[in-house]
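Engineer: Structure of the sequence below:
(one chain, ligands or ions: 1)
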Amino acid sequence: MEITSVQGDITEQSVDAVVNAANSSLLGGGGVDGAIHRKGGPQILAACRELRASHYGKGLPTGQAVATTAGRLPAQWVIHTVGPVYAAQDPGRADLLASCYRESLRVADELGARTVAFPAVSTGVYGWPTRDAARIALRTVLEGARARESGEPASRLVEVRFVLFGAEAFEVFESVRRELSQ
Ligand code: APR
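Structural biologist: I've put the predicted structure just below:
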């Protein structure tokens, strides 16, 4: 499983699954969420509404992930995950951010996805410092890659792509990737 990073717009990535930085309502918002619903079209929201009416009456809990159609996006699925809001005095939330990546990869495996694109979850509206979020994201995905190399869990994933909206975020992710590969 290759881990890559690009600077760009996640709604333009031709991958099997695009991960959305959603909120618990699953009913849309700004940032990545807004872009995905805007570009993906109403089918995504309709599918989210069905999820709310069936399995997630109280909304999707933080750290969990669930898939819907990708509508008009150049992808097959959107995997919605809810990041934690940053709170400097509550370091335990880092586990919830790691869970977003772990659970999104688990859902991707369930779908049989081969390529997955992630945004920098929680680093926008939810205020998580980019470098710390990048460390958590990359460590979690690297752990997942090692586990899948040994066949547990069974996975068809060949690429996990981090899609960073701005040059600064891209540079931070690249710098953390170098730091972790030493
Ligand atoms: N492609 C890739 N990355 C993007 C895009 C895009 N089109 N748009 C924004 N980003 C980046 C932001 O610059 C930020 O680095 O995604 C990162 C996550 O930012 P948010 O989208 O604000 O997500 P988050 O911080 O997890 O907050 C989630 O914001 O949009 C609402 O409904 C959403 O309530 C939820 C909250």
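Engineer: Tell me if Ser5 really is in a helix.
Structural biologist: No: secondary structure of Ser5 (DSSP: H, G, I helix; E, B strand; the rest coil): strand, not part of a helix.
Engineer: Name the nearest residue to His55, ignoring sequence neighbours.
Structural biologist: Val66 (7.7 Å; Cβ to Cβ, 6 or more residues apart in numbering). C-beta coordinates here come from the backbone N, C-alpha and C atoms, glycine included.
Engineer: tell me the contacts of that neighbour?
Structural biologist: With Cβ atoms under 8 Å, 6 or more residues apart in numbering as the criterion, the residues that contact Val66 are Leu26, Leu51, His55, Tyr56, Leu60, Ile79, His80, Val107.
Engineer: Tell me which of those fall in strands.
Structural biologist: Counting by DSSP state E, the contacts of Val66 place Ile79, His80 in strands.
Engineer: possible to save the contacts of Val66 as CSV with neighbour count and pLDDT?
Structural biologist: Below are the contacts of Val66 laid out as CSV (neighbours: other Cβ atoms under 10 Å; pLDDT from 0 to 100):
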residue, neighbour count, pLDDT
Leu26, 24, 98
Leu51, 17, 98
His55, 9, 95
Tyr56, 18, 97
Leu60, 21, 98
Ile79, 29, 99
His80, 28, 98
Val107, 21, 98
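Engineer: Check the contacts of Val66 one by one and keep those near the ligand.
Structural biologist: Near the ligand, judged by Cβ under 6 Å from any ligand atom, there are no entries from the contacts of Val66.
Engineer: coming back round to it: enumerate the beta-bridge partners assigned to the residue nearest to His55.
Structural biologist: Beta bridges link Val66 to His80, judged by DSSP bridges.
Engineer: now it: how far from Ser181?
Structural biologist: Distance from Val66 to Ser181, counting by Cβ to Cβ, to the nearest Å: 32 Å.
Engineer: Tell me where this structure has strands.
Structural biologist: With strands called from DSSP E, the chain shows them at 2-7, 17-22, 65-69, 77-82, 115-118, 159-164.
Engineer: Give me whichever of those is most buried.
Structural biologist: Highest mean neighbour count among these (mean count of other Cβ atoms under 10 Å): strand 17-22, with a mean of 29.
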